[in-house]
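**Student:** Below is the structure, and that's it, no one-letter string:
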């Protein structure tokens, strides 16, 4: 019953393309119809960012951290302090590797090869602005570090090791280091 007179296509700040249909202004033709219907939302530039920018991925990420922790707890000769330290180390090394070391996209991208020179962190929203997903990836290592410090009783040897691995996970996330390759490492 609704007559749509125009279609608008535009990209939002994250590179997602929105196609909206706008209804006719005639009151009798469009009673009860929304003024705009969003038809399509996807990232046509880089599909590598669509799966990581989802609530399902965040839930999977949290679940995976707990699974690794419980697997380490099941090893009989590991005490709780060592398990929390190993959880923090594993979390920091894996997030550094996947977010800040590996470059490119496993999918075919339509950005003329721009993603081939960027890490996953740089591809999240193509700017150094902090969106909710980047804030989550900043908060996660801090939370794991605080949990580790709580369960290790703030012992100095555990603090030093855990703090160094926290720095490994957080320093590359500083907005001033967006796109920077320290000492030319991982430049190509």
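**Tutor:** Yes, it's here. Since we're looking at a predicted model, the values are computed, not measured.

**Student:** number of nearby residues for residue 156?
**Tutor:** Residues lying near residue 156 (other C-beta atoms under 10 Å) number 8. Every residue, glycine included, has its C-beta placed from N, CA and C.

**Student:** what's the answer for residue 87, then?
**Tutor:** Residue 87 has 23 neighbours, counted by other C-beta under 10 Å.

**Student:** For it, which non-adjacent residue is closest in space?
**Tutor:** Once flanking residues are discounted, residue 87 sits nearest to residue 69: 4.5 Å by C-beta to C-beta, 6 or more residues apart in numbering.

**Student:** Quick one: residues in contact with the host helix or strand of the one you found.
**Tutor:** Take DSSP states H and E as the rule and residue 69 turns out to sit in helix 55-73. Here helix 55-73 makes contact (C-beta atoms under 8 Å, 6 or more residues apart in numbering) with 51, 78, 80, 83-84, 86-87, 90-91, 133, 136, 140, 144.

**Student:** Tell me the buried residues in it?
**Tutor:** If you call a residue buried by 16 or more other C-beta atoms under 10 Å, then helix 55-73 has these buried ones: 58, 65, 68-69, 72.
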